[in-house]
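Q: no sequence on hand, only this structure:
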């Protein structure tokens, strides 16, 4: 293969500007106020795939947001790579904590990103990483370097659970048939320490509602005489962990995979500075399940976290009321072998059982998905490993991620394909947070590395 770096250097400014334009569109799938923008983004992605050299490009309607499908089949006898990504983004809230407007991208140079980083919602998750594949495709087609068949499936509901992706995959299995699935929606250890994500946690996401009296009450006239739903909810949530930060839901750990000492020692070889970790987050101590390191807690152990809690009066000044209702959103990150539907039911049963007299509890499941582990002894992983070695000059470290991409397990079930997770983001990119960003070096390095995966995978197949 010709060196893609020359082509990237020639078109660098255009690649960056195209991504900036894509990031300006507020494709927030969780908020219907952004529905028009989200549909617009699908059209922009489709047009970019046409320009990149795909022969077939379709905007496929679903019961929710559309899926962009594209392909270029050069020879049915050759291997086929299916690229998955998503064009929707997280809500930008709290907007006031952004240093610049979340949908007005700016490039800033920092100590970590001397070449600059693009600050915008979706810069890393996942528009920037998805668009690396579009530009890699452009390079391969423009220079007659595409060694195999390629298909794209870019969805618009990943940030709300990919509810309609399963609907689409089940109805298009022949169209989506492939030899390997390639995703860039993860990260790597550092710019000088490449890594490939080999494991993802599963997810169960629920909303809970605690109801007390039939209306908001005067806290002076009724305080101390009736159950306060906010107080009750706070106590119930506090009871979900014990003194060792072990989750107290009955049966929660029954199917948790316990890694061997040897495996844990292998994980510990990855470079990690606890002091730098704390400094980056501006905390004076880490926190988590007793008996496990920080890297183990956020990758191979399950978790339960409150993602939002509300109720009563939160406006300016004072209003002395006992709220009728209190709410919380709770996510549980799961490890392989934990079934998200089973965990959701275990949580529901437990949470209802600990409710005191005087309140009613409702648990509403939102979405979820299974965990996933990619074997490192298959040819797809080995092809990815060689691709990183080619562009980084060193072998990547296999690493389990604490994040969840629920559709990866779905792909294996429905399409019988393994998934390779070639992420180029960094932990410091602030995905899902204010001031999300993606290094320009990382963006261009992804475009450079991806074509080599195609080359090596084709050679090894």
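A: Perfect, thanks for sending it. Here the structure is a predicted model, which means the values were calculated and not measured.
Q: if we ignore the residues flanking it in sequence, what's nearest residue 450?
A: Nearest residue to residue 450 in three dimensions, chain neighbours excluded: residue 136, at 3.9 Å (CB to CB, 6 or more residues apart in numbering). Bear in mind the C-beta positions are built from the backbone N, C-alpha and C, glycine included.
Q: wait, a strand at the one you found?
A: No - counting by DSSP: H, G, I helix; E, B strand; the rest coil, residue 136 is not found in a strand; it is helix.
Q: touching, it and residue 455? I think so.
A: No - contact criterion CB atoms under 8 Å: residue 136 and residue 455 do not qualify, at 11.3 Å.
Q: the closest residue to residue 269 other than its chain neighbours: neighbour count?
A: In space, and not counting its chain neighbours, residue 269 is closest to residue 397: 7.6 Å by CB to CB, 6+ apart. Burial measure for residue 397: 18 neighbouring residues, criterion other CB atoms under 10 Å.
Q: kindly provide the distance from residue 397 to residue 451.
A: Applying CB to CB, to the nearest Å, the value for residue 397 to residue 451 is 22 Å.
Q: again, but for residue 183
A: 16 Å.
Q: pretty sure residue 458 sits against residue 78.
A: Yes - the pair residue 458 / residue 78 is scored as a contact, 6.6 Å apart, by CB under 8 Å.
Q: what do those two both touch?
A: 147, 148 (CB atoms under 8 Å, 6 or more residues apart in numbering).
Q: phi, psi for the residue nearest to residue 269 please.
A: Main-chain torsions, residue 397, degrees, to the nearest 10: phi -90, psi 130.
Q: spit out the contact partners of it.
A: By CB under 8 Å, 6+ apart, residue 397 lies in contact with 189, 193, 194, 195, 196, 269, 270.
Q: and if we set it to 7 Å?
A: Residues in contact with residue 397, defined by CB atoms under 7 Å, 6 or more residues apart in numbering, are 189, 193, 195, 270.
Q: relative to residue 91, how far out is the residue lying closest to residue 28 once chain neighbours are set aside?
A: Leaving out its chain neighbours, the residue that sits closest to residue 28 by CB to CB, 6+ apart is residue 34, at 4.1 Å. According to CB to CB, residue 34 and residue 91 sit 9 Å apart.
Q: so those two - more neighbours on which side?
A: Taking other CB under 10 Å, residue 34 and residue 91 do not tie; residue 34 has more neighbours (20 against 16).
Q: which residues touch that one?
A: Neighbour list for residue 34: 26, 27, 28 [criterion: CB under 7 Å, 6+ apart].
Q: now do the contacts for the second one.
A: The reference is to residue 27. Residue 27 touches 34, 37, 38, 41, 87, 88, 89, 156, counting by CB under 7 Å, 6+ apart.
Q: what about the last one, neighbour count?
A: As a burial measure, residue 156 scores 26 neighbours (other CB under 10 Å).
Q: check the gap between it and residue 39 for me.
A: 8 Å.
Q: okay, and the common contacts of those two?
A: Jointly contacting residue 156 and residue 39 under the rule CB under 7 Å, 6+ apart are 65, 66.
Q: phi first, then psi, for the residue lying closest to residue 249 once chain neighbours are set aside.
A: Distances taken as CB to CB, 6+ apart put residue 350 closest to residue 249, at 4.5 Å, once the chain neighbours are dropped. For residue 350, the backbone dihedrals (degrees, to the nearest 10) come out as phi -70, psi -50.
Q: hmm, residue 247 and residue 350 touching each other?
A: No - counting by CB atoms under 7 Å, residue 350 does not reach residue 247; the two are 9.6 Å apart.
Q: please, which helix or strand holds residue 412?
A: Element membership for residue 412, per DSSP states H and E: helix 407-415.
Q: remind me what that helix packs against, helices and strands.
A: helix 165-171 (3 or more CB pairs under 7 Å, 6 or more residues apart in numbering; DSSP states H and E).
Q: tell me which residues in the helix it packs on are buried?
A: By 16 or more other CB atoms under 10 Å, the buried positions in helix 165-171 come out as 165, 166, 168, 169.
Q: about what we covered before: of the contacts of residue 27, which pair is most distant in space?
A: 34 and 87 (12.1 Å; CB to CB).
Q: just the terminal-to-terminal distance for stretch 26-42.
A: With CA to CA, to the nearest Å as the measure, stretch 26-42 spans 12 Å from end to end.
Q: list the buried ones in that stretch?
A: Residues of stretch 26-42 classed as buried: 26, 27, 28, 29, 34, 37, 38, 41, 42 (neighbour count, 16+ other CB under 10 Å).
Q: from these, which single one is nearest residue 258?
A: Of all the buried residues of stretch 26-42, residue 29 has the smallest distance to residue 258: 36.2 Å, by CB to CB.
Q: and the pLDDT at the closest residue to that closest one other than its chain neighbours?
A: In space, and not counting its chain neighbours, residue 29 is closest to residue 88: 3.7 Å by CB to CB, 6+ apart. Predicted confidence (pLDDT) for residue 88: 98.
Q: which ones are touching residue 88?
A: Counting by CB under 7 Å, 6+ apart, residue 88 touches 27, 29, 38, 65, 156, 157, 158, 159.
Q: from residue 338, how far out is it?
A: For residue 88, the distance to residue 338 - CB to CB - is 26 Å.
Q: pLDDT weak spots in the stretch 151-300 of the chain?
A: Residue ranges of the stretch 151-300 of the chain with pLDDT under 70: none are present.
Q: those strands in it, which residues are they?
A: Secondary structure of the stretch 151-300 of the chain, counting by DSSP state E, counting those that start in this stretch: strands at 180-183, 195-200, 202-211, 217-218.
Q: direction included, what does the shortest one pair up with?
A: So that's strand 217-218. Using DSSP bridges, strand 217-218 pairs in its sheet with strand 321-322 (antiparallel).
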